[in-house]
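Chemist: pasting the structure only:
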């Protein structure tokens, strides 16, 4: 039987506020356990939550970025469940009326684009963290994370493969960092995904029973977990067993999922409006202010780079992998025509990206500034140096030896572009290599490449390659 995979993602993005969603406690990562938890976070009697305006504005920013409806009135609810790291015995979240409804995220796989619909994005508080190591068989509780503001982004079940799910998660990760609502640090848990996975016979319109894979904090684990879960579910069904709705965890050491508990439905959480929090009202003035402060979004920047510099969609996608990278390219290519703009893109996507990856650096940590890279590109474009020489210059710039002009002068790398001087070198090479000249005229094209190499050797690599080609062909045709 042919099977269709159905995937929806619930993504928790930790909002980039300096304090928690309902208290003034800090949200900085890495503090000693229980040093960033105040009376509100640990649910002392008599304390009341006060909503963080910064969290609200970040939620609005996200909603605008995905073209969603921003509800001007939304409600906070209590999601009731009992767990050691949840001091109140409930989590403050949003249920029936979230702040953000609908919206879309566009993903690209190869040359194919697909739109993934969003159901909602709602504000909520994070729980604490259970610590299972170094406690002699007991469990410790760290409440530093309790009350940290989250935006839970829920997609429709529109994805049909693990690859599509990863592409969606990557696009969402880029977007929340781009609009500066979340730092996207997956290792610290700032961006984590739950994947709802089910399978159904191809052609069926009825959804299968789903299992939710919790807390996937890397794109690689997301793909591996979904692929395993799909194989497992198909195997169970084909062996005559039924899938039970459940919450599961992915074990990266074994590459398998394992069940934590049977999956709860919404009614199991006994949602009801939180009596300590008034309905959230988003005024037209606040909405307009957030809209006015929005940056140009990734899709708009991609389209700009394609139109302005003639880049391929693929190259424009690479250059908009982050807002910082897009800004760096824009600075390098400022005022350039399409030819120079394409050269700038090639150097960023090639030599610069390779160096950043080798040394595990972000674009903001590049040892070659945008102005320095542009000067190098200009010297290649105006024929001062060749592209091959440019690699040596780039290496020297990365090592801190100065800008392109200083390095070119210090190393004597200036390309020979004087036609008279080049003609003398070519004439000498032709005179010294009569056999290769005869071979070329007899139709052996490889002899031409050999002659080019002889000219470059005679000029110590400084001859302008295009001029060498032109002069050689003219003289050999005579």
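Modeler: Nice, thanks for sending it over. Quick caveat, the model's predicted, so the values are computed rather than measured. Numbers count the residues shown, from 1 in each chain.
Chemist: What number of residues are in the vicinity of residue 389?
Modeler: 20 (other C-beta atoms under 10 Å). To be clear about C-beta, it is placed using only N, CA and C from the backbone, and glycine gets the same treatment.
Chemist: secondary structure element for it?
Modeler: helix 387-398 (DSSP states H and E).
Chemist: and the next element down the chain from that helix?
Modeler: Using DSSP H and E, the first helix or strand after helix 387-398 is helix 404-411.
Chemist: Show residues contacting that following helix.
Modeler: With C-beta atoms under 8 Å, 6 or more residues apart in numbering as the contact definition, helix 404-411 has outside contacts at 372, 375-376, 378-379, 384-385, 389, 392-393, 396-397, 401-402, 413-414.
Chemist: Can you give the distance of it from its chain's centre?
Modeler: 36 Å (C-alpha atoms, centre = their mean, to the nearest Å).
Chemist: Stretch 231-243 too?
Modeler: That offset, for stretch 231-243, works out to 34 Å (C-alpha atoms, centre = their mean).
Chemist: Kindly report the same for stretch 24-31.
Modeler: 25 Å.
Chemist: go on, stretch 177-193?
Modeler: The mean C-alpha position of stretch 177-193 is separated from the chain mean by 10 Å, C-alpha atoms, centre = their mean.
Chemist: For that stretch, which outside residues touch it?
Modeler: Here stretch 177-193 has contacts from 9-16, 29-30, 58-59, 61-62, 65, 145, 151, 169, 173, 176, 215-218, 222, 294-295, 297-298, 322-323, using C-beta under 8 Å, 6+ apart.
Chemist: Poorly predicted segments of the stretch 301-450 of the chain, please.
Modeler: Residues of the stretch 301-450 of the chain that meet the criterion pLDDT under 70 lie in 415-419, 421.
Chemist: The nearest residue to residue 229 once chain neighbours are set aside: neighbouring residues, count only.
Modeler: Leaving aside its chain neighbours, residue 229 sits nearest to residue 197 (4.8 Å; criterion: C-beta to C-beta, 6 or more residues apart in numbering). Using other C-beta under 10 Å, residue 197 has 29 neighbouring residues.
Chemist: which element follows the helix or strand hosting residue 197 toward the C-terminus?
Modeler: Secondary structure from DSSP H and E places residue 197 in strand 191-201. Downstream of strand 191-201, the first helix or strand assigned by DSSP H and E is strand 211-216.
Chemist: how much does the helix or strand that that following strand is followed by deviate in direction from strand 211-216?
Modeler: As assigned by DSSP H and E, the chain's next helix or strand after strand 211-216 is helix 219-238. Here helix 219-238 points in a direction 160 degrees away from that of strand 211-216 (axes from the mean of the first three to the mean of the last three C-alpha atoms, to 10 degrees).
Chemist: I'd like the average pLDDT over the helix or strand that helix 219-238 is followed by.
Modeler: The helix or strand immediately downstream of helix 219-238 is strand 246-251, counting by DSSP H and E. When pLDDT is averaged over strand 246-251, the result is 94.
Chemist: Give the buried residues for strand 246-251.
Modeler: Using 16 or more other C-beta atoms under 10 Å as the test for burial, strand 246-251 gives 246, 248, 250.
Chemist: Partner strands of the next helix or strand after it and their direction?
Modeler: Next along the chain after strand 246-251, taking DSSP H and E as the criterion, comes strand 256-262. If you go by DSSP bridges, strand 256-262 pairs up with strand 246-251 (antiparallel).
Chemist: What is the burial count for residue 129?
Modeler: 15.
Chemist: Residue 108: which element?
Modeler: Applying DSSP H and E, one finds residue 108 within strand 104-109.
Chemist: and that strand, what other elements does it pack with?
Modeler: If contacts are counted by 3 or more C-beta pairs under 8 Å, 6 or more residues apart in numbering; DSSP states H and E, strand 104-109 sits against strand 112-125, helix 162-178.
Chemist: ok, and which of the ones you listed has the densest surroundings?
Modeler: helix 162-178 (a mean of 21; mean count of other C-beta atoms under 10 Å).
Chemist: Just want the angle from that helix to strand 112-125.
Modeler: Using the same axes, to 10 degrees: helix 162-178 against strand 112-125 is 60 degrees.
Chemist: Looking at the buried residues of strand 246-251, which one is closest to residue 273?
Modeler: residue 246 (29.3 Å; C-beta to C-beta).
Chemist: tell me which residues form a beta bridge with the closest one?
Modeler: residue 211, residue 262.
Chemist: Which neighbours in the sheet does the strand holding residue 197 have, and how are they oriented?
Modeler: Per DSSP bridges, strand 191-201 is paired in its sheet with strand 3-14 (antiparallel), strand 211-216 (antiparallel).
Chemist: As CSV, those with mean neighbour count, mean pLDDT and distance to residue 159 would be great.
Modeler: Shown next, in CSV, are the strands paired with strand 191-201 (neighbours: other C-beta atoms under 10 Å; pLDDT from 0 to 100; distance: least, C-beta to C-beta, whole Å):
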stretch, mean neighbour count, mean pLDDT, distance to residue 159
strand 3-14, 22, 98, 4
strand 211-216, 20, 95, 13
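Chemist: any chance of these in CSV, with distance to residue 352 too?
Modeler: Output for the strands paired with strand 191-201, formatted as CSV (distance: least, C-beta to C-beta, whole Å):
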stretch, distance to residue 352
strand 3-14, 29
strand 211-216, 31
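Chemist: Compare those and give me the one nearest residue 274.
Modeler: strand 3-14 (19.5 Å).
Chemist: From residue 117, how far off is the residue nearest to residue 229?
Modeler: 18 Å (C-beta to C-beta, to the nearest Å).
Chemist: go on, residue 444?
Modeler: Residue 444 is 61 Å from residue 117, by C-beta to C-beta.
Chemist: go on, residue 251?
Modeler: From residue 251 to residue 117 the distance is 31 Å (C-beta to C-beta).
Chemist: same deal with residue 59?
Modeler: 18 Å.
Chemist: Next: residue 367.
Modeler: Counting by C-beta to C-beta - residue 367 and residue 117 are separated by 43 Å.
Chemist: cool, and residue 353?
Modeler: 33 Å.
Chemist: Residue 24 too?
Modeler: In terms of C-beta to C-beta, residue 24 sits 37 Å off from residue 117.
Chemist: pLDDT on stretch 167-178, on average?
Modeler: 97.
Chemist: any idea how far that stretch is from the chain center?
Modeler: 5 Å.
Chemist: That concludes my questions; thank you for your assistance.
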